[in-house]
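Peer 1: Predicted model and sequence follow; I will ask about them next.
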Amino acid sequence: MKQGQFISIEGIEGAGKTTALALMGELLLQAKYPFIVTREPGGTPLAESMRTLLLQHEGEEKVTAQTELLLLFAGRHQHLQHRILPALARGEWVLCDRFIDATYAYQGGGRALSHDEIFHLDRWIVGSHYPNLTLLLDVTPELGLKRAAGRKQGRDRFEQEEYEFFNRVRDTYLQRAEAQPERIKIIDATGTQAQVFVQIKSIMTTFLQEMED
């Protein structure tokens, strides 16, 4: 049995990750690859409860940046051990809405936490279990947040941040893509769904062909 492949999709709010994941799933169905779709924060019952804390916490007790980081990695460990790695071992592909790159972007870039602190947790919790491929849907904060505001009521803790926060997040994403071009592929997500579809299909087709070789 072939080991499954791990693909993550990244981007700020409103980048179009949900639509992109659906498209990627269609391509895998056509290629007859079994797969699961999951997300971070979340992915298991325990990790989903941590997601609720991270995104919806209200009250006088502020969630510090360090607490946020530790909750994310705690949930990620559960997610890896109980969902992602078992699926890969069964030969299933994993499509994940955000993974480790989001932590470097949001907590490192957005919250300005030390890269070394994140890297230490990364090596401990994630280790070598990085995605085989990451698609980065790139949009400006202005466009992304406008899209996000138009599709749902209420904003979570992250969506309430200022534009400058998301500018830092985006910059960090792009820096990681520049440093790891073999794994992270940038997609211009400012256009129509059809235009984004063409880019995703091209990257996925190449990746699938490489898997067959």
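Peer 2: Structure received.
Peer 1: and the residue lying closest to His57 once chain neighbours are set aside, what is it in contact with?
Peer 2: Excluding the flanking residues, the one nearest His57 by CB to CB, 6 or more residues apart in numbering is Val63, at 5.4 Å. The C-beta positions use only the backbone N, C-alpha and C, and glycine is treated the same way. By CB atoms under 8 Å, 6 or more residues apart in numbering, the residues touching Val63 are Leu53, Leu54, His57, Arg157.
Peer 1: Quickly name whichever of these is closest to Ile203.
Peer 2: For those, the residue nearest Ile203 by CB to CB is Leu54; the value is 29.6 Å.
Peer 1: name the helices or strands packed onto the one helix or strand Gln78 maps to?
Peer 2: Using DSSP states H and E, Gln78 sits in helix 65-79. The contact analysis (3 or more CB pairs under 8 Å, 6 or more residues apart in numbering; DSSP states H and E) places helix 65-79 against helix 45-56, helix 100-103, helix 115-121.
Peer 1: Select, out of those helices, the one closest to Gln199.
Peer 2: Nearest of the helices and strands packed on helix 65-79 (CB to CB): helix 100-103, 18.1 Å.
Peer 1: Quick one: mean pLDDT for the closest one?
Peer 2: The pLDDT scores in helix 100-103 average 99.
Peer 1: next one: stretch 116-133
Peer 2: Here stretch 116-133 scores 98 as its mean pLDDT.
Peer 1: returning to what we had before: can you list the residues that contact the helix holding Gln78?
Peer 2: In contact with helix 65-79 (CB under 8 Å, 6+ apart) are residues 38, 40-44, 46-47, 50-51, 53-54, 99-100, 103, 107, 111-113, 117-118, 121, 125-126.
Peer 1: What of stretch 170-184?
Peer 2: Residues contacting stretch 170-184 (CB under 8 Å, 6+ apart): 10-12, 101, 104-105, 108-110, 130-136, 138, 140-141, 185-186.
Peer 1: 6 Å - rerun?
Peer 2: With CB atoms under 6 Å, 6 or more residues apart in numbering as the contact definition, stretch 170-184 has outside contacts at Ile12, Asp101, Tyr104, Ala105, Gly108, Gly109, Thr134, Leu136, Ile186.
Peer 1: correct me, but the fourth one touches Phe166?
Peer 2: The reference is to Ala105. No. Using CB atoms under 6 Å, Ala105 makes no contact with Phe166, being 9.6 Å away.
Peer 1: what would the contacts of stretch 170-184 look like in CSV with secondary structure, neighbour count and distance to Leu208?
Peer 2: Below are these laid out as CSV (DSSP: H, G, I helix; E, B strand; the rest coil; neighbours: other CB atoms under 10 Å; distance: CB to CB, whole Å):
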residue, secondary structure, neighbour count, distance to Leu208
Ile12, coil, 29, 27
Asp101, helix, 24, 22
Tyr104, helix, 21, 27
Ala105, helix, 26, 27
Gly108, helix, 24, 32
Gly109, helix, 23, 31
Thr134, strand, 24, 16
Leu136, strand, 22, 19
Ile186, strand, 19, 19
